[in-house]
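Chemist: what's the 3D shape of this:
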Amino acid sequence: MLHLYQVVFTDEYETPLILKAISYELRKTVTFGDVRASNLALSSRFGIRKYPSLVVVCDAKGSAIVKYDGEFKAKSIVSFMDGLKSGEACNVARSELISRKKNLDINSMDFNKVKYLLRLTFR
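Modeler: Residues are numbered from 1 along each chain as shown. As a prediction, the model looks like this:
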């Protein structure tokens, strides 16, 4: 059975009630977490530019993610989460991740990242 991790990025002080209700409804198959807008490191890691935002992490490694871009209404979010149960969207996310890694463009990286990769290669 596929277990998902839902992360909500919010600029509110408390977790919105709608998300608390959804987390209770889906508690057997989804682990929920929320991140405050002040956590810039995590927001950057997941490419968050607006709040609230919702992402689903498909595995414990946190490598394959699916971003939700619908309305922040209970029915829409639950429908989105139900659609992820088949695992198809997570498989697509993993495939895209693998494709990006294969097509690593050294010209688009900053200098420190290139140095790091070269150090790893020539150890």
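
Chemist: quick check: bridge partners of the closest residue to Val57 other than its chain neighbours?
Modeler: Once flanking residues are discounted, Val57 sits nearest to Tyr5: 4.0 Å by Cβ to Cβ, 6 or more residues apart in numbering. For glycine as for every other residue, the C-beta is placed from the backbone atoms N, C-alpha and C. Per DSSP bridges, the residues bridged to Tyr5 are Thr31, Val57.

Chemist: and for the one 4 residues further on?
Modeler: Here Phe9 sits in beta bridges with Val35, Ser53, going by DSSP bridges.

Chemist: let's have the chain start at 48 instead
Modeler: Taking 48 as the first residue, the last one we looked at is Phe56.

Chemist: my guess is the residue nearest to Val104 meets Leu101, correct?
Modeler: No: Tyr52 lies out of contact with Leu101 (Cβ atoms under 8 Å); the separation is 11.4 Å.

Chemist: tell me which of these two has more neighbours.
Modeler: Leu101 (22 against 16; other Cβ atoms under 10 Å).

Chemist: so who does the more buried one touch?
Modeler: Leu101 is in contact with Gln53, Val54, Val55, Phe56, Lys114, Tyr115, Phe119, Ile124, counting by Cβ atoms under 8 Å, 6 or more residues apart in numbering.

Chemist: what about 10 Å?
Modeler: Residues near Leu101 by Cβ atoms under 10 Å, 6 or more residues apart in numbering: 53-57, 66, 69, 81, 95, 113-117, 119, 124, 127-128.
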